[in-house]
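Novice: Predicted coordinates and the sequence they were generated for:
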Amino acid sequence: MNIKATARIVLVAAVPWLTACSSNPSRQDVGMVSGAIIGGLVGASLTGGSTVGTVGGAAAGGYLGTQIAKDMK
């Protein structure tokens, strides 16, 4: 799978996730989603588009995004 296809999959998966919020998202929510998207793209690019790399990058990015948002208070 190439990088453009992976990016499309990540973005298509993130849109319903973001629109499901009925209230304004917290800083942690925004950090988690942003981190997951960026992490997924970085993981995919580093591993040549492998699924494991994409999912692992998204998980790590989501975790890091949440932690960074917590510290920004």
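Specialist: Structure's in. What do you need? Numbers count the residues shown, from 1 in each chain.
Novice: Skipping its backbone neighbours, what lies nearest Thr66 in space?
Specialist: Leaving out its chain neighbours, the residue that sits closest to Thr66 by C-beta to C-beta, 6 or more residues apart in numbering is Met32, at 4.5 Å. No exception for glycine: its C-beta is placed from N, CA and C like everyone else's.
Novice: how close does the one you found get to Gly49?
Specialist: 23 Å (C-beta to C-beta, to the nearest Å).
Novice: Next: Gln67.
Specialist: For Gln67, the distance to Gly49 - C-beta to C-beta - is 27 Å.
Novice: just Val55 next, same as before
Specialist: Separation of Val55 from Gly49 (C-beta to C-beta) stands at 12 Å.
Novice: and stretch 44-58, average pLDDT?
Specialist: Across stretch 44-58, the average pLDDT comes to 90.
Novice: In it, which residues are buried?
Specialist: By neighbour count with 16 or more other C-beta atoms under 10 Å, stretch 44-58 contains the buried residues 44, 49, 53-54, 56-58.
Novice: Export those residues as JSON lines, with columns for distance to Ala7.
Specialist: Listed next are the buried residues of stretch 44-58 as JSON lines, based on distance: C-beta to C-beta, whole Å:
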{"residue": "Ala44", "distance to Ala7": "8"}
{"residue": "Gly49", "distance to Ala7": "10"}
{"residue": "Gly53", "distance to Ala7": "13"}
{"residue": "Thr54", "distance to Ala7": "10"}
{"residue": "Gly56", "distance to Ala7": "16"}
{"residue": "Gly57", "distance to Ala7": "12"}
{"residue": "Ala58", "distance to Ala7": "12"}
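Novice: Among these, find me the one that's closest to Pro25.
Specialist: Lowest distance from Pro25 to the buried residues of stretch 44-58 (C-beta to C-beta) belongs to Ala58, with 17.5 Å.
Novice: Fine by me, thanks again.
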